[in-house]
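>>> predicted structure and sequence below. I'll ask about it afterward.
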Amino acid sequence: MKNIGMIAGNGRFPFLVAQEIKKQGDKVITVALKEEADKDIEKFCDETVWLSVGKIQKIIDAFKSRNVDTAIMVGQVKHAKIYSAITMDLRALKIMTSLVNKKTDTILGAVVKEFEKDGIKFLPSHIYLQHLLAQKGVIVGKKLNSDEDKDAQFGFKMAKAIAGLDIGQTVVVKDKSVLAVESIEGTDECIKRAYSLGGENAIVVKVAKPNQDFRFDVPVIGTRTIDTLKNNKIRAMIIEAGSTLILDKEDVILKAKQAGVTIIAM
């Protein structure tokens, strides 16, 4: 039995990972991020420590004092929180001031290296949930017509391009035009902005980065995603097969059916 450290952000991701770790007979030692994690996560873990985003030294100390040398980073952390210097300790500030830029991969890559200095190695975020990775094809909903399919192909190319630049991982397209590109605000806000600009029946495309580091920022969709698609009258969502996690898949399919939204893995 090993002690597996988990840094938990928001959403269902941490709950599902905690369950899988315990199924394998290991203990879950969680640092729950005060600004993000659901308080119910405590019920799924062997031990939970609540700390703020940016308290790098305290997170490292919490793991080391509990014999954790293997950890996993799961759940969303809103990227805007990265810029909240109030929550940063000296070790976090040192990391931030040493960066060549403040792109997501640069920041999280530097954080991971800092943990490694103290003997804590991070696992790929999806390692316990590989059975939830999207398989190629139509997951739910009616097939796209010819024009919609062309939009999907166009959007996939655009999304891969912006993901390669580490700007974001989502674009919203309509009539071979990009309505919105995800940046620091996150996927939901990107979709809302697209609807305000281009109206209904747009297509959302969410992909992995071309050289995705699966230790962090793995593409994920869940029931909350479907709510956003429905509320903004999206025609379809395209995700990347083999790289995108579908959390609570049965509920996602049911909700998408009810909302009339197609989901396709490309």
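Okay, I see it. Numbering: from 1, shown residues only.
>>> measure Thr106 to Leu123 for me?
Applying Cβ to Cβ, to the nearest Å, the value for Thr106 to Leu123 is 21 Å. All C-beta atoms are positioned from the backbone trio N, CA, C, and that covers glycine.
>>> any stretches of the protein with poor pLDDT?
Along the chain, segments meeting pLDDT under 70 span 79-86.
>>> ranges for the helices of it?
13-23, 56-64, 90-98, 104-117, 146-164, 187-198, 223-231, 249-259 (DSSP state H).
>>> got the angle for the second one vs helix 90-98?
Comparing the axes of helix 56-64 and helix 90-98 via axes from the mean of the first three to the mean of the last three Cα atoms, to 10 degrees yields an angle of 130 degrees.
>>> list the buried residues of helix 56-64.
In terms of neighbour count (16 or more other Cβ atoms under 10 Å), helix 56-64 has its buried residues at Ile56, Lys58, Ile59, Ile60, Ala62, Phe63.
>>> also the fourth one?
Within helix 104-117, the residues that qualify as buried are Thr104, Ile107, Leu108, Ala110, Val111, Val112, Glu114, Phe115, counting by 16+ other Cβ under 10 Å.
>>> for Asp166, state which of those is nearest.
Distance to Asp166 across the buried residues of helix 104-117 (Cβ to Cβ) is lowest for Thr104, with 5.9 Å.
>>> next, work out how far apart the closest one and Glu182 are.
11 Å.
>>> repeat for Val77
15 Å.
>>> more neighbours: those two, which one.
Glu182 (25 against 21; other Cβ atoms under 10 Å).
>>> next up, phi/psi of the more buried one, please.
Note on Glu182: backbone dihedrals following degrees, to the nearest 10 are phi -70, psi 140.
>>> burial count for the closest residue in space to it that isn't next to it in sequence?
For Glu182, ignoring the flanking residues on the chain, the nearest one in space by Cβ to Cβ, 6 or more residues apart in numbering is Gly168 at 3.1 Å. Residues near Gly168, counting by other Cβ under 10 Å, number 23.
>>> was I right about Gly168 contacting Val178?
No - applying Cβ atoms under 8 Å as the test, Gly168 and Val178 come out as separate, 11.7 Å apart.
>>> between these two, what contacts are shared?
Residues touching both Gly168 and Val178 by Cβ atoms under 8 Å, 6 or more residues apart in numbering: none at all.
>>> counting neighbours, what do you get for Leu90?
Look at Leu90: counted by other Cβ under 10 Å, it has 9 neighbours.
>>> can you give me the domain boundaries for the protein?
3-122, 132-265 (automatic domain parsing).
>>> between the two ends of the shortest one, what distance do you get?
Across its full length, domain 3-122 reaches 13 Å between end residues, using Cα to Cα, to the nearest Å.
>>> as a quick check, tell me the outermost residue of the chain.
Distance from the C-alpha centroid of the chain, by Cα atoms, centre = their mean, peaks at Ser146 (30.5 Å).
>>> and for Lys39, the neighbour number?
Lys39 has 10 nearby residues by other Cβ under 10 Å.
>>> identify whichever of the helices of the chain lies nearest to Ser243.
helix 146-164 (10.4 Å).
>>> okay, now the closest residue to Ile263 other than its chain neighbours: neighbour count?
Excluding the flanking residues, the one nearest Ile263 by Cβ to Cβ, 6+ apart is Ile139, at 4.4 Å. When counting by other Cβ under 10 Å, one arrives at 20 neighbours for Ile139.
>>> how about Lys94?
The local packing of Lys94 (other Cβ under 10 Å) involves 13 other residues.
>>> Gln153 now?
For Gln153, using other Cβ under 10 Å, the count is 16.
>>> how close does it get to Glu250?
29 Å.
>>> same thing with His131?
Applying Cβ to Cβ to His131 and Glu250 gives a distance of 13 Å.
>>> now Thr104
Counting by Cβ to Cβ, the gap from Thr104 to Glu250 is 30 Å.
>>> kindly report the same for Ile264.
Taken as Cβ to Cβ, the span from Ile264 to Glu250 is 18 Å.
>>> give me the more crowded residue out of these two.
Taking neighbours as other Cβ under 10 Å, Ile264 and Glu250 compare with Ile264 leading, 23 against 8.
>>> so that one sits against Gln135, correct?
No - using Cβ under 8 Å, Ile264 is not in contact with Gln135; the gap is 11.0 Å.
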